[in-house]
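Chemist: requesting a structural model of the entry that follows:
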Amino acid sequence: MINYTVYKNENSEQWVTFVHGAGGSSSIWFKQIRDFQKTYNVLLLDLRGHGESQTTLKTAFKQKYTFSALANDILEVLDHLKIQKSHFVGISLGTILIRQLAEMYPDRVKSMIMGGAILKMNFRSQVLMRLGNTFKYVLPYLVLYKFFAFVIMPKKSHKQSRSLFINEAKKLYQKEFIKWFKLTAEINPVLKWFRQVELNIPTLYVMGEEDYMFLPSVRKVVENHYRSSQLFVIQNCGHVVNVEQPNAFNTAVLSFIHTNK
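Modeler: The predicted structure follows:
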């Protein structure tokens, strides 16, 4: 089972589960734990090969990573802890896993909060993926990762987010990085489906106004999925909204969860 950490609130039966992105770990939620635990039970997850969920090298070779397999990792923890239903908060690639989980097990998802959500790979991100695919066996993965981090979070004000993700990525094995990178092969059809199909689950997208790679497509989807979805844009903020503007992020998310109890 993947590694998880629980912060209990004895006065609440409600759960909020946090899902980080590729190259991160549950430690990226350090600015959320205290605020959320005041009202809810908090569950933090380390995805396969990340944080404390380091796979042994033997198993790292065997498993092919798919979005549904990674969503099932999350379900396994929920079942183990006997959590019937949870609110989910994700960042970046974590938002894809939450949506995948909601496709497969909608009755387990109370609401979805999608921070720095990825709903469409724009031209620039398609080029990035091609470059990554070309060089993934040649270049050390950290070189690639640093390059991606700069393209996705280019501004001076995004430095903290960049550093955080690069430091977490240093803990990945090269083989692990390649397996995660291969996931990008199935990302386009998966995202196309997500854009077309609206789920009947309350969804809040929290985006930075400077998240130029992913914000435009989220705006379009929210317009089309108006029955279930809302968009909250944080000013002077890039891709990793929960790290760059934690107060604005926490306030918006807690308010949304409160109205969707």
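Chemist: what helix or strand is residue 205 located in?
Modeler: Applying DSSP states H and E as the criterion places residue 205 in strand 203-208.
Chemist: what packs against the following helix or strand past that strand?
Modeler: Using DSSP H and E, the helix or strand that follows strand 203-208 towards the C-terminus is helix 215-224. Judged by 3 or more CB pairs under 8 Å, 6 or more residues apart in numbering; DSSP states H and E, the packing partners of helix 215-224 are helix 187-196, strand 203-208, strand 229-234. All C-beta atoms are positioned from the backbone trio N, CA, C, and that covers glycine.
Chemist: contacts only, for residue 239.
Modeler: 92, 116, 152, 153, 158, 161, 208, 210, 211, 213, 214 (CB atoms under 8 Å, 6 or more residues apart in numbering).
Chemist: still on that earlier bit, which stretch among the helices and strands packed on helix 215-224 comes nearest residue 120?
Modeler: Relative to residue 120, the nearest member of the helices and strands packed on helix 215-224 by CB to CB is helix 187-196, separated by 5.8 Å.
Chemist: so what touches that closest one?
Modeler: Taking contacts as CB under 8 Å, 6+ apart, the residues outside helix 187-196 that touch it are 67, 96, 99-100, 118-121, 129, 217, 220-221, 224.
Chemist: now do 7 Å
Modeler: Among residues not part of helix 187-196, those counted as contacts by CB atoms under 7 Å, 6 or more residues apart in numbering are 67, 96, 99, 119, 120, 121, 221.
Chemist: helix or strand: which one has the fourth one?
Modeler: With secondary structure defined by DSSP H and E, residue 119 is part of neither a helix nor a strand.
Chemist: chain neighbours aside, what residue packs nearest to it?
Modeler: In space, residue 119 comes closest to residue 217 once its chain neighbours are excluded; the distance is 4.8 Å by CB to CB, 6 or more residues apart in numbering.
Chemist: correct me if wrong: that neighbour contacts residue 120.
Modeler: Yes: under the criterion of CB atoms under 7 Å, residue 217 is in contact with residue 120, at a separation of 3.6 Å.
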